[in-house]
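> I would like the atomic coordinates for the input below:
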Amino acid sequence: MVPLELVREELGKVLQSRTFANTDSLRRFLRFVVEASICGRTAQLKEYVIGSEALGRGPTFDPRTDSVVRVEARNLRLRLERYYADEGKNDVVIIDLPKGSYAPQFQQRRPKSILGGIFRSTSMRIAAASLLVALGVAVSIVRSRRPPDLSLALLPFDFLSDGADLQYLADGLAEELRLALSRTPGLRIAGRISTARFDPKHLDLPAVRGALQVAWLLEGSVRKVETRLRITTHLVRTRDGEIVWADGYEVEAGDLPRTEGRIVAAVVAAIRPAAQVQPPAVAPVPVSAEAHDAYLRGRYLRRQMSADGIARSVGFFEDAIRRDSHYAPAYAALADAYAMMGFHGLAAPDEMAPKAREAARHALALDPQNAQAHGALAWLAFTYDRNWKEAEAEFRRAVETDPNWPSVRQWFAFGLVAQARFDDAVAQSRKALELEPLSYLTGNDMSSVLYFARRYSESLRTARRGLELDPHASQPHVVIGACLAAMGNLGGAIAEFRQALDPEFSDEDLLGRLGYTYGRSGRRTEARQLLERLSGRKAGATASAFIQLGLGDKGRALALFSQACNRREGDTLFLRVEPMADSLRADPRFAALLKNAGL
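Numbering: from 1, shown residues only. Here you go, the predicted model:
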């Protein structure tokens, strides 16, 4: 079963695509049938219902004399076909409308990953049902505990209007509220990914309270009425379901940032009347409506975690800055996008790193408390400069500025584990998991940290339990295979790696681990075949080095590791702690290589 938040995210992507531009009736049709399916109302997807409600024919609609639903269903199938043949060819979820039915079907496939390394999955989407049961490290967080009084989950806001799709606006409003609320001292906010697992239309409050460990729930919706936005919000106490505060706002788009501030102040006052939202470090600067809109569009694309999404987000952030040169969040988001494009090989790192650093520093000059800017500088110092002292200082600033940001804690954990500070790394990873207890990606990251820390039994438990949630996920197989190989079970490791292989694409890390294990197992021909497969890849030197190491050729392995370090390949960051490199530990050439590379 495809997780509901993935279906919702895919629906938003399809509706915003070029393929569905200027197709209002098809967009209304698609949104109607998908949302009905998500809510368990597929039995009601009859021709009359779709025609009268989704296509606006009204109660007098007669499907016997008006074929509009059948015609539009055929057009929708063709349009979906066209979308998945072009713009959506790498999407993780596929929405299909089978012939002879108005009930959509959802399929999940393995995408081509843009993130290499064991700590990122070939699948870039969230594919877990519940880490409460699946991850032993998370179960202790939520079992039989009363949530802290100052704890909040912010559900995704619904966008209720027909016509032009503005889901990015509803998502952006919720995200901006989360960022603003994070500046409230002492308030813990559940992670966005975990919160998105709950359907706002069918909430089980005890489940939300127990799973996310939150005392409060903030819900809302956005509707476009001509040029104005109608926003409704209400705050629910999870203990008894009482709505303790609710309000509505009808504003022009240009007043959205000011409205966000009013909502934050009201929420904080309702949760803790004596509390005051921590004031910004600099006086607030008015934001132009056009700049704010471009920024929200860019953030929506960036959250898709795809190569295309990151690349397209840059244009919107740059547009926001052109429209308002004093808009700190746009500079910070641009810095993050540039840094990730360089790290993941979407653009030349030597070109992206200076741009990212300049944008981050510009953001901090405008707002020294901008956590995303500190996070971007930390990531650059860790992955590009290989300057751990500077990276750690920026990671700590980011965590202090926004203690509710799970991703930056996980990045910090990877930095710490790369420095062989295993206990500190596991502690940061656990904190990330406390914020995102239902995030499959955060659970995978935790299992990878445990692998590097050589806590193989814990890593195996975490990965295997995660695999129970989604039999199609590839990353648990990679972590399991890595642990088995390190423990000497080469046959078992190969079997796990092969299960993770994708016939269309497999990242370099997986190919390197499989080739290394083939070499150690005496399957030299298969190892060399993988070397050949990696030969044309820009980021394949680290993986090729490990295969040469498995084949017993330390000289070639060291030469390739040196080449990979010079290219700043991401997988080299963990050479100091990677168990596959243990046969080189006593070699002075390897020690010199690590020192010269800043590792």
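
> hey, let's count contacts and neighbours off CA atoms from now on
Will do.

> residue 315 - nearest residue in space that isn't next to it in sequence?
The spatially closest residue to residue 315, leaving aside those adjacent along the chain, is residue 298, at 7.6 Å (Cα to Cα, 6 or more residues apart in numbering).

> surely the one you found forms part of a helix?
Yes. Residue 298: assigned to a helix according to DSSP: H, G, I helix; E, B strand; the rest coil.

> my guess is it contacts residue 312, does it?
Yes. If you go by Cα atoms under 8 Å, residue 298 and residue 312 touch, sitting 7.4 Å apart.

> compare neighbour counts for these two and give me the winner.
residue 298 (29 against 16; other Cα atoms under 10 Å).

> now do the same contact list for that one.
312, 313, 314, 315, 316, 317 (Cα atoms under 8 Å, 6 or more residues apart in numbering).

> just give me how far the strand or helix carrying the fifth one sits from the chain centre.
Counting by DSSP states H and E, the secondary-structure element that holds residue 316 is helix 307-323. Taking Cα atoms, centre = their mean, to the nearest Å, the mean C-alpha location of helix 307-323 is offset from the chain mean by 18 Å.

> cool, and stretch 96-108?
26 Å.

> for that stretch, measure first residue to last.
End-to-end span of stretch 96-108 (Cα to Cα, to the nearest Å): 11 Å.

> distance of residue 272 from residue 266?
10 Å.

> higher neighbour count, those two?
Each of residue 272 and residue 266 has its neighbours counted (other Cα under 10 Å); residue 266 has more, 16 against 12.

> my read is the more buried one is in a helix, agree?
Yes. Checked against three-state DSSP, residue 266 lies within a helix.

> which residues touch it?
Counting by Cα under 8 Å, 6+ apart, residue 266 has no contacts.

> that one and residue 235, how far apart?
From residue 266 to residue 235 the distance is 10 Å (Cα to Cα).

> now swap in residue 50 and tell me
For residue 50, the distance to residue 235 - Cα to Cα - is 33 Å.

> repeat that for residue 63.
In terms of Cα to Cα, residue 63 sits 43 Å off from residue 235.

> equivalent analysis for residue 307, please.
36 Å.

> out of those two, which sits in the busier spot?
residue 235 (24 against 20).

> in contact with the more buried one, which residues?
Counted by Cα under 8 Å, 6+ apart, residue 235 has contacts 216, 217, 218, 219, 243, 244, 245, 246, 267.

> for those, pick the one with the most neighbours.
residue 216 leads the contacts of residue 235 on contacts (other Cα under 10 Å) with 28 neighbours.

> that residue: what's it in contact with?
151, 152, 153, 235, 236, 237, 238, 271.

> where do the strands sit along the stretch 201-350 of the chain?
Using DSSP state E, counting those that start in this stretch, the strands of the stretch 201-350 of the chain run over residues 216-225, 228-237, 243-252.

> in its sheet, what does the first one sit against?
Strands adjacent to strand 216-225 in the sheet, as given by DSSP bridges, are strand 151-154 (parallel), strand 158-159 (parallel), strand 228-237 (antiparallel).

> now find how far off-centre the last one is within its chain.
Spelled out, it's strand 228-237. 25 Å.

> next, the angle from it to strand 243-252.
When axes from the mean of the first three to the mean of the last three Cα atoms, to 10 degrees is applied, the directions of strand 228-237 and strand 243-252 differ by 170 degrees.

> pLDDT weak spots in the chain?
Scanning the chain for pLDDT under 70 picks out 1, 3-5, 109-145, 161-165, 273-286, 469-471, 503-506, 539.

> quick one, domains of it?
The chain breaks down into these domains under automatic domain parsing: 4-108, 150-271.

> hang on, residue 353 packs against residue 338?
Yes. With contacts counted by Cα under 8 Å, residue 353 reaches residue 338, the gap being 7.0 Å.

> ok, these two, which is more surrounded?
Between residue 353 and residue 338, residue 338 has the larger neighbour count (other Cα under 10 Å), namely 28 against 25.

> find the nearest non-adjacent residue to residue 390, please.
residue 381 (6.2 Å).

> now do the helix holding residue 316: which elements does it pack against?
Helix 307-323 sits against helix 289-302, helix 328-343, with contacts defined as 3 or more Cα pairs under 8 Å, 6 or more residues apart in numbering; DSSP states H and E.

> contacts for it?
So helix 307-323 is contacted by 114, 288, 290-295, 297-304, 327, 330-331, 333-334, 337-338, 340-341, 346 (Cα under 8 Å, 6+ apart).
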